[in-house]
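> Here is the input, now give the coordinates:
(2 chains)
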Amino acid sequence: MSATTGGASALRGALRGGEFVFQVALTLLGLLAVTFFIGRVVPIDPVLAVVGDQAPRDVYEAVRIELGLDQPLWMQFWLYVQKMAVGDFGTSLVTNRPVLEDIARVFPATLELSTIATIIGVALGVPMGIAGAVYQDRWPDQLVRVIGLVGYSVPIFWLGIMGLLVFYGVLGWVAGPGRLGIFFEDIVPAVTGVILIDAAIAGEWEVFWNAFSHVVLPAAVLGYFSIAYIARMTRSFMLDQLSQEYVVTARAKGLSEARIIWVHALRNISVQLVTVITLSYARLLEGAVLTETVFAWPGLGRYLTTALLAADMNAVLGGTLVVGAVFVGLNLFSDALYKLLDPRAR
Amino acid sequence: MIPSLPKRALFSAGVAALAAGAVSGARTAQAQTPRTALVIAATIDDLVALDPHHSFEVTGSDLLKNVYDQLFALDPTKDTAELQPGVAESFTVSGDGLTFTFQIRQGVRFHSGNALTAADVVYSLRRPLLINRTPAFMYRSVGLTRENVEQTVRQDGEFTVSVTFNRAYAPSLIQNLFTATIASVLDSRLVQQNAGEDMGNAWLNRNSAASGAYRIARYQPNESYTLERNDSWWRGRANLQRVIVRHVPEASTQRLLLERGDVDVARSLTPTDITALRGRPNLTIAEFPRGTIQYFSANMTFPLLSNPKVVEALKYLVDYDGIANNLLPGQVFPHQSFIPRAILGAVDTRPYTYDPNRARRLLAEAGHANGIALTIDTANSFPSLDVAQTLQASMARGGVRLEVLPATGAQVLAKFRARNHQLFIGIWGLGYPDPHYNADSFASNPPGADNPGKLSWRNGWEIPELTRRTEAAMTERDQNARGALYRQIEEEFMNTSPFAVFAQQQVQVAHRSNLTGYMASSPGLSAIYWLANKG
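Numbering: from 1, shown residues only, chains lettered A, B, ... in the order given. Reported below is the predicted structural model:
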């Protein structure tokens, strides 16, 4: 009897799993289709991006056929999906290398930067938001609001250049642009592609600190924008909670204010907070083009932008797929966290 | 109402977090570049191919000319584009002028240790046509094809190679063509060991099989490349052991790197950066002419622009001095013909000046006393867009209302090649340092065919007579007479063509003052690293 139930629930689980995989595959396929067709209707000629201004007609025609652009559009897409299904993402026109290899190089750079930025954003943004709510309309709140406002309104490009000018140019506290000093390249073998982790694995602490002094400024600049967003959302969630009846009750029962805020109220906003943080993290993982440009950071954002301007569709599609997969993955992750944080969601 | 303790706790938590951030940032890494290395900040994201028979960008030849040897070279120490021997030590031409026989230098070794022989040269001359990438058209233009290359390029001895062309070309034309990156000599045994079905094209886009001053030690697209010195280069060892070129897209970031001493050269600064750096101790500003010209052209298939008087009026509505001195100071100098300065046949005459009154008169004679309205297509990037805006202002004073249509580079190019523009702002680089390369595009338009590769066709300029003269100049074997032919072609071009050439580019860099001998551009159309040294 119990064996039957177990079998049935396993079957149900498998069905649900299958349904989920199907949904994800369909989402990604839809994303690919939309990107593919938009990429083909934008008036940029990928052949010209390859052959340049001076090519005579025969060269142009040869490359057009080589790229498969003489085929009908639906055929091009079908051929692309077929190749993709077996893991062949094609070759980038801009770098002349397999797209997968390119992404394996640029995505860890973005991952490193945005993870540290998000850690900074959460570590400072959440306490600041709570402070803003607790001291509503008093100076800590005003300060948080000003910091948030600046974060929202100052262009990140400018903030990056100013940061470089002050902390690298004048004070010399941090290393300059790039992920690593040129004389530290190729010392640690690439395992994960995230230099901080690779250096730690190899035990090369000189490399680790060099990489750290390179990442800290761009991460702080990006993190500042996370702070602004996370603090503002935390503040409004918290204000909402602090006016609830259970808070009044807790105070009447003589609970310490710290316990009310950090245990009861924070727990109640944690689900919303996870959503906000996940969204902010996902947005950073798409790659921050401007920050990457100012800091000469070879990340996904710059790779995708360069590819897009050159109509390098293999690279654009590959990159878009990675971004899509990241969104799906982070959604799964936050779903799991909801269940952990909110008993009702289990 | 709120007790005081948590208030303080909250506050101190925040301060602690901020302090932690500040302390962790305090690790400094200030480096001076080593005396044995040249470190350059540049933009290299247009670098597509490292295969010298595939590469067709300036960034590519900057790298490849320092790694590969070509059959001939232009002396980098003279600014007059003087030919000097390369892998080919000397040559003779057959009586009918069709067959060139090259004596190959003996004792040259590739980086692999293999000796360079005539077999490598034959392989390297045939390969561009066999892999058939963009630059192969330069060989096809002198009659070498995929089909005939087995017969036309032959090994005549261990160190002798002969090439038979379809016409009796001027020796200077062939020599100049054979200084180009496409004439790089590959280590054929090494390439064949590593080649797939593509004659090593994929392998050579990551590795080098060369004999030149440096070898490629490392290359990451859009990030950096590192070159290591070849200690046994036949021309003599380069001064500096390593060259590192790092991709830094933002000019202000390049400037900071230079000011901090983390790079020796900032390769792509804006005029604003240059002005700010001028006169700084330890920094030097330097300019290097490059074979790239800037022009705008009028599409004569558009009815309004088919009238020569209208086109002539437009040429008087360019603020030539303003563009060179105020808009792009240091980045260009005034130039009005299609052959860049220092190349055979270049003329320095500048018949046009900014003269709105004269332009108005010409327009009135053409029947447009009340002025005309035109559109101009331009890439939405520096410097073309900036020039377009300047033209808009200068043309308005002559009665031409100009609407600027900016778009991405590949987009405007497609429109230009399809002849769908009215006016177009273009930048044209020389493919190899011979007048024919530009004459073939600016002053040749064989009738009866569509030639979207040629600028003259794109602008509907019908010139059967000039086309014939341009072809004749290819076979004029007397160097002085050949130069004279091009000067006549240019005169005709400046008087009647739908092109207004307004400037020639130069590379303006800022570098640390202890660096000498570095050339950001040279008559051979590439950067030169092997002469650089540090004091």
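> Okay, helices next: where are they in the stretch 101-250 of chain B?
Ranges of helices within the stretch 101-250 of chain B are B:118-131, B:137-140, B:149-152, B:171-177, B:188-194, B:201-204, based on DSSP state H, counting those that start in this stretch.
> In the fifth one, which residues are buried?
So that's helix B:188-194. B:188-191 (16 or more other Cβ atoms under 10 Å in any protein chain shown). Just so you know, the C-beta spots here come from the backbone N, C-alpha and C atoms, and that holds for glycine as well.
> Go ahead and flag the most central residue of chain A.
Nearest to the mean C-alpha position of chain A, counting by Cα atoms, centre = their mean, stands residue A:285 at 1.2 Å.
> Check the spacing between that residue and chain B real quick.
Note on residue A:285: its distance to chain B, by Cβ to the nearest Cβ, to the nearest Å, is 19 Å.
> So the residue of the stretch 201-346 of chain A at minimum distance from chain B: helix, strand or coil?
Nearest to chain B, among the residues of the stretch 201-346 of chain A, is residue A:258, at 3.9 Å (Cβ to the nearest Cβ). The three-state label given to residue A:258 by DSSP: H, G, I helix; E, B strand; the rest coil is helix.
> for the buried residues of helix B:188-194, which one is nearest chain A?
residue B:191 (16.7 Å).
> ok now do residue A:306, which residues does it touch?
Each residue near residue A:306 by Cβ atoms under 8 Å, 6 or more residues apart in numbering or on different chains is listed here: A:94, A:312, B:45, B:222.
> and the last one, what is it in contact with?
Residue B:222 sits next to A:94-95, A:298, A:302-303, A:306, B:44-45, B:247 when contact means Cβ under 8 Å, 6+ apart.
> For burial, what's the neighbour tally of the residue nearest to residue B:196 when sequence neighbours are not counted?
Spatial nearest neighbour of residue B:196, chain neighbours left out: residue B:202 (6.4 Å); criterion: Cβ to Cβ, 6 or more residues apart in numbering or on different chains. Around residue B:202 sit 19 other residues, with neighbours defined as other Cβ atoms under 10 Å in any protein chain shown.
> If we only consider the buried residues of helix B:188-194, which is nearest to residue B:304?
Closest approach between the buried residues of helix B:188-194 and residue B:304, by Cβ to Cβ: residue B:191, at 53.9 Å.
> distance of the closest residue to that closest one other than its chain neighbours from chain A?
Using Cβ to Cβ, 6+ apart and skipping the chain neighbours, the partner closest in space to residue B:191 is residue B:200 (4.1 Å). Distance, residue B:200 to chain A, by Cβ to the nearest Cβ: 13 Å.
> Let me see the contact set for residue B:200.
B:51, B:186, B:191-192, B:194, B:209.
> dump the residue contacts of residue A:79.
A:68, A:71.
> tell me which element it falls in.
Per DSSP states H and E: residue A:79 is located in helix A:73-85.
> Following the chain onward from that helix, which element is next?
Taking DSSP H and E, what comes next after helix A:73-85 is helix A:99-134.
> so how far is that following helix from its chain's centroid?
Here helix A:99-134 is found 8 Å from its chain centre; the criterion is Cα atoms, centre = their mean, to the nearest Å.
> Check whether that helix comes near chain B.
Yes: residues of helix A:99-134 contacting chain B under Cβ under 8 Å from any Cβ of the partner chain: A:102, A:105, A:120, A:123-124, A:127-128, A:130-131, A:134.
> Could you give me the buried positions within that helix?
Buried residues in helix A:99-134 (16+ other Cβ under 10 Å): A:99-100, A:102-103, A:105-118, A:120-134.
> In contact with the nearest residue to residue A:188 once chain neighbours are set aside, which residues are there?
Among residues not flanking residue A:188 along the chain, residue A:202 sits closest, at 4.3 Å (Cβ to Cβ, 6+ apart). Residue A:202 makes contacts with A:187-189, as judged by Cβ under 8 Å, 6+ apart.
> cool, and residue A:299?
A:106-107, A:109-110, A:113, A:287-288, A:292.
> so how far is stretch B:55-67 off the chain centroid?
9 Å.
> For that stretch, measure first residue to last.
13 Å (Cα to Cα, to the nearest Å).
> Residue B:404 in helix, strand or coil?
Classified using three-state DSSP, residue B:404 is strand.
> For the residue nearest to it when sequence neighbours are not counted, give its distance to residue B:159.
Spatially, and ignoring its direct neighbours in sequence, residue B:404 is nearest to residue B:388 (4.7 Å; Cβ to Cβ, 6+ apart). Going from residue B:388 to residue B:159 by Cβ to Cβ, to the nearest Å gives 53 Å.
> do the same with residue A:228
Taken as Cβ to Cβ, the span from residue A:228 to residue B:159 is 70 Å.
> And the two? Which one has more around it.
More crowded of residue A:228 and residue B:159, by other Cβ under 10 Å: residue A:228, with 24 against 20.
> just checking, that one touches residue A:153?
No: Residue A:228 is beyond contact range of residue A:153, at 9.3 Å (criterion: Cβ atoms under 8 Å).
> if we can go back for a sec, now, the most widely separated pair of the contacts of residue B:200?
B:51 and B:192 (14.3 Å).
> quick one on the thing from earlier: from the contacts of residue B:200, which is closest to chain A?
Looking across the contacts of residue B:200 and measuring by Cβ to the nearest Cβ, the closest to chain A is residue B:51, at 8.8 Å.
> Contact partners for the spatially most central residue of chain B?
For chain B, the residue nearest the mean C-alpha position is residue B:58 (4.0 Å; Cα atoms, centre = their mean). If a contact means Cβ under 8 Å, 6+ apart, then residue B:58 has B:290, B:292, B:429, B:525-526 as its contacts.
> So which of the residues you listed are in strands?
B:290, B:292, B:429 (DSSP state E).
> Show me which of the residues you listed is closest to residue A:81.
Nearest member of the ones in strands among the contacts of residue B:58 to residue A:81, counting by Cβ to Cβ, is residue B:429, at 38.8 Å.
> residue contacts, the nearest residue to the closest one once chain neighbours are set aside?
Nearest residue to residue B:429, sequence neighbours excluded (Cβ to Cβ, 6+ apart): residue B:292, at 4.4 Å. Neighbour list for residue B:292: B:58, B:340, B:427-430, B:504-505 [criterion: Cβ under 8 Å, 6+ apart].
> out of those residues, which is most surrounded?
residue B:340 leads these on contacts (other Cβ under 10 Å) with 26 neighbours.
> Could you measure from the closest residue to that residue other than its chain neighbours over to chain A?
What sits nearest to residue B:340 in space, not counting adjacent residues and going by Cβ to Cβ, 6+ apart, is residue B:291, at 4.3 Å. Per Cβ to the nearest Cβ, residue B:291 is found 13 Å from chain A.
> Give the burial count for residue B:291, as a bare number.
Neighbours around residue B:291, by other Cβ under 10 Å: 26.
> which SS state does residue B:49 fall under?
Applying three-state DSSP: residue B:49 is coil.
> That one touches residue A:97, doesn't it?
No: between residue B:49 and residue A:97 there is no contact, the gap being 10.9 Å when judged by Cβ under 8 Å.
> Overlap of the contact sets of these two?
Joint contacts of residue B:49 and residue A:97 (Cβ under 8 Å, 6+ apart) are residue B:205.
> Neighbour count: these two, which is higher?
residue B:49 (20 against 17).
> For that one, which residues are in contact?
Taking Cβ under 8 Å, 6+ apart, one finds A:96, B:55-56, B:60, B:133, B:205 in contact with residue B:49.
> count of neighbours near residue 215?
I went with chain A, as the question did not name one. 25.
> not quite, I wanted chain B
Other residues close to residue B:215 by other Cβ under 10 Å number 22.
> before we move on, what about residue B:119?
Neighbours of residue B:119 (other Cβ under 10 Å): 15.
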